[in-house]
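Novice: Let me see the structure of the following:
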Amino acid sequence: MISLNNVTVSFGGFNLLDDISFHISETDKIGLVGKNGAGKSTILKILCGEQKPASGRIDMPVGMKIGYLPQIMDHHKGRTVIEEAMSVFEYIHELEREMERISVSLGERTDYESKEYGALIERMNEISDTLSLDSGESPRVQAEKTLLGLGFKEEELDRRTETFSQGWNMRIELAKILLSKPDVLLLDEPTNHLDIESIEWFEDYLKNYRGALMLVSHDRKFLDNVTTRTVEILLGHAYDYKVSYSKYVELRAERIAQQTAAYENQQRMIEKTEDFINKFRYKPTKSNQVQSRIKALEKLDRIEIDDTDNARMTVKFPPAERSGDIVFKGKELTVGYPGKVVFRDANIEVKRGEKVALIGRNGEGKTTLMRVIMGELDPIEGEAKVGHNVNIGYFAQNQEDVLDRNDTVFGTLDRIAVGEIRTKLRDILGAFLFKGEDIDKKVSVLSGGERARLGMAKLMLESHNLLALDEPTNHMDIKSKDILKQALKSFDGTLIVVSHDRDFLDGLVDKMYEFRDGRVREHLGSVSDFLRKRKLETLQELERHFHNEEKPAATQKKALSQENFEARKVQTREQRRIQNRIDFLEKEISSLEARQSAIEALLAAPSEKDDVMELTREYLENKISLDAKTEEWGNLLEQTES
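Specialist: Now for the predicted structure:
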């Protein structure tokens, strides 16, 4: 259906894409993967006609409809959500107006045998056929269904688009693309502004989508659930695998291992042959054998190993100074802006060493809470307090708004670095893959992933004991995300992270605050546990709703009074909260006890690699934490028994 043939893209003498070719069939679902800056977004722009290659060509059928969702886009203002979504149906109104003009013209003409009259009749039939294909559901119904599926509430459809966040405006653009019913979908990191539940809905939609799909994403689970083919862009070349992402990773590793083994075997054979030639080159009795082996080497098909990009980000956060036991506490928080409450009556407590995720729909208050923690926004009601000796390192969601576009990569750090750290700026930038001429690049030319890495590098300039990270993995490639995740797991301070990336959060956090319908709810356990529980709760709510509709009126009257019902609901919720906390503490205590035993074993017989002072410090800190958690666990058990 679509073919890229020998496409090359060059910038300043450097080939970003070097003579790449591949084909997209009608029902292909392709994951386009590679490191940040490899050229993935460039390929999508070439396919949709926004950019021209230096050489090569793109072949596709005439009239093919392409739906393209870029990473960054301009959002339209001045319309309501439903009006903006329905703007894609403007062509229908235009066709209807053209049909009316043709009808008037045909009524006035008498040259029934002329070519012009015949052309008008033919055009009228074309328009009629097009309109008949779209004569199913009305445009309004189609738009409403798509917007509600993408997470909008019915009462939000008549709000103006400029009253929504960037993430919600991206959903409007996505709705417009889906409503246009394209033959091919080109999506550049579509999950960056979707929450976890919306991602799951979108996955289901794409699985059932009948056209071709090419998707750029750094969400491993999203790729695995949606795509069946993987095209890797590596050092300017394209490598095509007819499998999903996880299988591609396995196959690629196997292929490189096989190539390496075959290459090494061939090199040993070549070395032995050359030794034989050099040893007997001047012996007449061996001349025939020597010539035979020389010719064999000349004809030998030399094995080459595919190019690999081994550059890896190396992140290790500086040791965190000890803070108070309570790092942040919000009591009965009501937070919002003039004329708008975002969430109310929230109770949030983050303790030292905890790794906590803020999850929920876009616009429900996750970033707003970050602003409260940073002291940039005061709550409308309630108390928000940062704990004793807390030093916050903040990573903003939109680094393009935070970083100075006119500054260089090096200058970005140099302007804020003080003291001895100034001598280590190049090392810090090197750890985040900014090397050589990269450090002199302007921020304005950096890719989204490069800006994210630069923003993370800024956090390394001083030690923080609380990292507040708002969507830190947006635009980061999969390898960089894995490395950042491991660094955060090893970080000995406290972490509060806003993220919708299930794979990134799983195994990193074990406590979440869900922002939903103006409320904040605490969840203990993994992201997978939360998602399973959320689906179960949704099914239970539907079942309760159906069951209540079937109840006779007499039975309804015998129900508990609303006052008693609410009281029992509060009591049950408190009991559940206490039990969840007990379960969480038991896991933490078990983990700490295991680590203490391991440290004791190391201290009993330390090796040269073991830092005895560091192990002792960790042992003492763990003991304090273990004692506190054990005491809290005992107090909660007493509450459940009383």
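
Novice: Flag the shaky bits of this protein, pLDDT-wise.
Specialist: 132-136, 304-313, 399-401, 534-574, 641-642 (pLDDT under 70).

Novice: domain assignment for it?
Specialist: According to automatic domain parsing, the chain comprises the domains 79-176, 576-642.

Novice: Y117: how many residues sit nearby?
Specialist: 15 (other CB atoms under 10 Å). (Each C-beta comes from the backbone N, C-alpha and C, glycine too.)

Novice: Could you say which helix or strand holds it?
Specialist: Using DSSP states H and E, Y117 falls within helix 115-133.

Novice: What's the first helix or strand after that helix?
Specialist: Defined by DSSP H and E, the subsequent element after helix 115-133 is helix 139-149.

Novice: Buried residues of that next one, list them for me.
Specialist: Within helix 139-149, the residues scored as buried using 16 or more other CB atoms under 10 Å are 139, 142-144, 146-147, 149.

Novice: Same question for stretch 153-162.
Specialist: By neighbour count on 16+ other CB under 10 Å, the buried set for stretch 153-162 is 156-157, 161.

Novice: cool, and stretch 365-376?
Specialist: For stretch 365-376, a neighbour-count test (16+ other CB under 10 Å) marks 365-373 as buried.

Novice: Please report phi then psi for K29.
Specialist: The phi and psi values for K29, taken as degrees, to the nearest 10, are phi -120, psi 100.

Novice: Contacts only, for it.
Specialist: Residues near K29 by CB atoms under 8 Å, 6 or more residues apart in numbering: 206, 209, 212-213, 215, 226-229.

Novice: In helices only, show me those residues.
Specialist: Counted as lying in helices by DSSP state H, out of the contacts of K29, are 206, 226.

Novice: PyMOL command to pick out the buried ones of the contacts of K29?
Specialist: Remark: buried members of these, expressed as a PyMOL selection using 16+ other CB under 10 Å:
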select buried, resi 206+212+213+215+226+227+229
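
Novice: would TSV of the contacts of K29 with distance to K65 be doable?
Specialist: Output for the contacts of K29, formatted as TSV (distance: CB to CB, whole Å):
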residue	distance to K65
L206	17
Y209	14
A212	11
L213	14
L215	18
V226	21
T227	21
T228	22
R229	21
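
Novice: with the contacts of K29 in mind, which one is nearest to E96?
Specialist: Y209 (28.6 Å; CB to CB).

Novice: returning to what we had before: identify the farthest-apart pair in the buried residues of stretch 365-376.
Specialist: G365 and I373 (12.1 Å).

Novice: Now do the end-to-end distance for stretch 160-168.
Specialist: Start-to-end span of stretch 160-168 (CA to CA, to the nearest Å) is 11 Å.

Novice: chain center to it, what's the gap?
Specialist: Counting by CA atoms, centre = their mean, to the nearest Å, stretch 160-168 is centred 20 Å from the centre of its parent chain.

Novice: quick one, helices of the stretch 151-300 of the chain?
Specialist: If DSSP state H, counting those that start in this stretch is used as the criterion, the helices of the stretch 151-300 of the chain fall at 166-179, 196-208, 220-226, 245-280, 287-299.

Novice: measure G63 to P182 for me?
Specialist: 12 Å (CB to CB, to the nearest Å).

Novice: Over to G67?
Specialist: Distance of G67 to P182, given as CB to CB: 3 Å.

Novice: Distance to Q51 added to the helices of the stretch 151-300 of the chain, as JSON lines?
Specialist: As requested, the helices of the stretch 151-300 of the chain are exported to JSON lines (distance: least, CB to CB, whole Å):
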{"stretch": "helix 166-179", "distance to Q51": "19"}
{"stretch": "helix 196-208", "distance to Q51": "25"}
{"stretch": "helix 220-226", "distance to Q51": "24"}
{"stretch": "helix 245-280", "distance to Q51": "26"}
{"stretch": "helix 287-299", "distance to Q51": "43"}
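
Novice: looking at those, which is closest to L425?
Specialist: Among the helices of the stretch 151-300 of the chain, the nearest to L425 by CB to CB is helix 166-179 (31.4 Å).

Novice: quick one, that closest one and helix 196-208 angle?
Specialist: Inter-element angle recorded for helix 166-179 and helix 196-208: 20 degrees (by axes from the mean of the first three to the mean of the last three CA atoms, to 10 degrees).

Novice: Can you give the contact residues for helix 166-179?
Specialist: Residues outside helix 166-179 that contact it (CB under 8 Å, 6+ apart): 67-69, 73, 75, 81, 84-85, 87-89, 142-143, 146-147, 150-152, 161, 164, 185, 190, 192-194, 198, 205, 362-363, 398.

Novice: Can I get the buried part of the residues you listed as one ChimeraX selection?
Specialist: Selection of the buried residues among the contacts of helix 166-179 in ChimeraX, burial being defined by 16+ other CB under 10 Å:
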select :67,68,69,81,84,85,88,89,142,143,146,147,150,151,152,161,164,185,190,192,193,194,198,362,363,398
